[in-house]
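Participant: here's my sequence, what's the structure:
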Amino acid sequence: MPFLYYILLSVLLLSACQREKKSKENQNAVTSVDNAKSRNTGPKYVKSVQFVYPMKFDTCQFNEELKIVYANNKHYKIDSAHLFFNQQQIATLDSATREYVFKIPKEKCGTNTLKVIAFHPNNKCGVATQTFIVKPDKAPKSLSYQLIKTYKHDTDASTQGLVYIDGIIYEGTGIKGHSSLRKIDLESNKTLATLGLDNQYFGEGITVYKDKIYQLTWTSQKAFVYDLASFTLLTTFDYAMREGWGLTTMNDKLAMSDGSHNLYHLDPELFSVIKTVEVYDNKGPVVHLNELEYINGYIWANEWLTDRIVVIDPQSGEVVQELLLPNLLTAAEKAKLDQNDDVLNGIAYNEKKGTIYVTGKHWPKLFEIKTY
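Facilitator: Next comes the predicted model:
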């Protein structure tokens, strides 16, 4: 009897295990079906719509009444559609409407984006996007200036960056083997401190943030951060932009140029890009943005190889004002310079007086001016 009992018990246990296994397999199968169903509950995207206008690279302007037109594949009936401008929904269109007139806001120069999402029967959707260009609708206002004072400037200095603080000019200079960071008494033109860069680096724009001074390099994709008081190197940063040109402090951020028509808003601690702004005037992109200075909410920038300074809205990228300075130097002084390189470059702001200091690469003078 005991032997038969154990055999019967083993058979019962084996049968119970097989039933439990089948039950788990059935549960898994049901779960798999449920998961598949849940994956299929979202809309199915189809290629059913496209923009007719604007087309890629079309150029429009602020305040323009833009007629947006999209078309759909006749095989897909449209129930309704949503229109987006730079990720913000601007309209809901009914089943019969394929056009919408939109006034372009004074918000962002350069590349702007439209998107349409069309809703079809049977949980289907069609999506199309289109980029186009927006520029200002007005020419920048022309500034005039009054010359306040002229100071001496070291002709050995290939000026790439300029900052004024309490009677002191901080200057970053370029040229490999001659690049430096300098601290200069403005009134006496006496150099109080100098730090030379390694010969491999071409120094570029500088700025002061809190108790630190930052310096870019041209093609090395590296920035140096020093203690402002001692010029002691604290750290270095690498940046993704192909070249470093101008740099300025904009409240709690830095702004950087790379010789293109772009300005980059940077985190001053991480040196990461927070925002990229494209700079345009009413004629198109403004390229070769060089030395920068943040003044009363706007970024002032030298336009390389010209006597033009542009005043830029740092959020929209619009050039709102311009300052032309063709005659600061005499003809004799200009004759001693390389006209292909020794150009206007260097802007520093005296906040207490409301005046601006400007100079150029290897210029013999630095000028204090007041604009109006």
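Participant: tell me which residues in stretch 153-161 are buried?
Facilitator: Residues 153, 154, 157, 158, 159, 160, 161 are the ones in stretch 153-161 that count as buried (16 or more other Cβ atoms under 10 Å). Bear in mind the C-beta positions are built from the backbone N, C-alpha and C, glycine included.
Participant: now swap in stretch 294-305 and tell me
Facilitator: So, applying 16+ other Cβ under 10 Å, buried residues of stretch 294-305: 294, 295, 298, 299, 300, 301, 302, 303, 304.
Participant: likewise for stretch 218-229?
Facilitator: Neighbour counts over stretch 218-229 (16+ other Cβ under 10 Å) mark 218, 220, 222, 223, 224, 225, 226, 228 as buried.
Participant: and the fourth one, bridged to which residues?
Facilitator: Read it as residue 223. residue 216, residue 237 (DSSP bridges).
Participant: still on that earlier bit, and which of the buried residues of stretch 294-305 is nearest residue 65?
Facilitator: Among the buried residues of stretch 294-305, residue 298 lies closest to residue 65 (Cβ to Cβ), at 28.3 Å.
Participant: how about the residue nearest the centre of the chain, what does it touch?
Facilitator: Compute the mean C-alpha point of the chain, and by Cα atoms, centre = their mean the closest residue is residue 276, 1.4 Å away. Listed by Cβ atoms under 8 Å, 6 or more residues apart in numbering, the contact partners of residue 276 are 262, 263, 264, 265.
Participant: direction included, what does the helix or strand harbouring it pair against?
Facilitator: Assigned by DSSP states H and E, residue 276 belongs to strand 273-278. Applying DSSP bridges, strand 273-278 is found paired with strand 262-266 (antiparallel).
Participant: count the neighbours of residue 52 for me.
Facilitator: Residue 52 is flanked by 13 other residues according to other Cβ atoms under 10 Å.
Participant: residue 195 pairs with what?
Facilitator: Note on residue 195: beta-bridge partners by DSSP bridges are residue 181.
Participant: ok, back up a step: who is the residue nearest to the centre of the chain paired with across the strands?
Facilitator: Under the criterion used (DSSP bridges), residue 276 bridges to residue 264.
Participant: show me where the stretch 251-372 of the chain has its helices.
Facilitator: Under the criterion DSSP state H, counting those that start in this stretch, helices of the stretch 251-372 of the chain are mapped to 331-335.
Participant: what ranges does it have for its strands?
Facilitator: Using DSSP state E, counting those that start in this stretch, the strands of the stretch 251-372 of the chain run over 253-257, 262-266, 273-278, 280-281, 284-285, 289-295, 298-303, 308-312, 319-324, 344-350, 355-360, 365-371.
Participant: which of these sits closest to residue 174?
Facilitator: Going by Cβ to Cβ, the one of these nearest residue 174 is strand 344-350, 9.3 Å.
Participant: now the closest one against strand 289-295, angle please.
Facilitator: Here the directions of strand 344-350 and strand 289-295 differ by 10 degrees (axes from the mean of the first three to the mean of the last three Cα atoms, to 10 degrees).
Participant: got the contact list for strand 344-350?
Facilitator: Around strand 344-350, the neighbours that count as contacts under Cβ under 8 Å, 6+ apart are 159-164, 169, 171, 290-295, 300-302, 304, 306-307, 309, 325, 328, 355-361, 366, 368.
Participant: same thing with stretch 153-161?
Facilitator: Counting by Cβ under 8 Å, 6+ apart, 170-175, 178, 180, 182, 189, 191, 203-207, 215-216, 246-247, 291, 341-342, 345-346, 359-366 sit against stretch 153-161.
Participant: pretty sure residue 130 contacts residue 51?
Facilitator: Yes. Counting by Cβ atoms under 8 Å, residue 51 is a contact partner of residue 130 at 4.1 Å.
Participant: neighbour-wise, which one of the contacts of residue 276 leads?
Facilitator: The residue in the contacts of residue 276 with the most neighbours, by other Cβ under 10 Å, is residue 263 (25 neighbours).
Participant: contacting residues around residue 231?
Facilitator: 181, 183, 193, 195, 213.
Participant: next, work out how far apart it and residue 137 are.
Facilitator: Remark: distance between residue 231 and residue 137 (Cβ to Cβ, to the nearest Å) = 46 Å.
Participant: for residue 233, same thing?
Facilitator: Distance, residue 233 to residue 137, using Cβ to Cβ: 47 Å.
Participant: and if you look at residue 201?
Facilitator: Distance from residue 201 to residue 137, counting by Cβ to Cβ: 42 Å.
Participant: the two: who's more crowded?
Facilitator: residue 201 (20 against 14).
Participant: just checking, residue 121 touches residue 77?
Facilitator: Yes. Using Cβ under 8 Å, residue 121 makes contact with residue 77 at a distance of 5.9 Å.
Participant: higher neighbour count, these two?
Facilitator: Higher neighbour count among residue 121 and residue 77: residue 77, with 15 against 9, using other Cβ under 10 Å.
Participant: list the contacts for that one?
Facilitator: By Cβ under 8 Å, 6+ apart, the contact set of residue 77 is 95, 120, 121.
Participant: what's the closest of those residues to residue 283?
Facilitator: For these, the nearest to residue 283 is residue 95 (41.9 Å; Cβ to Cβ).
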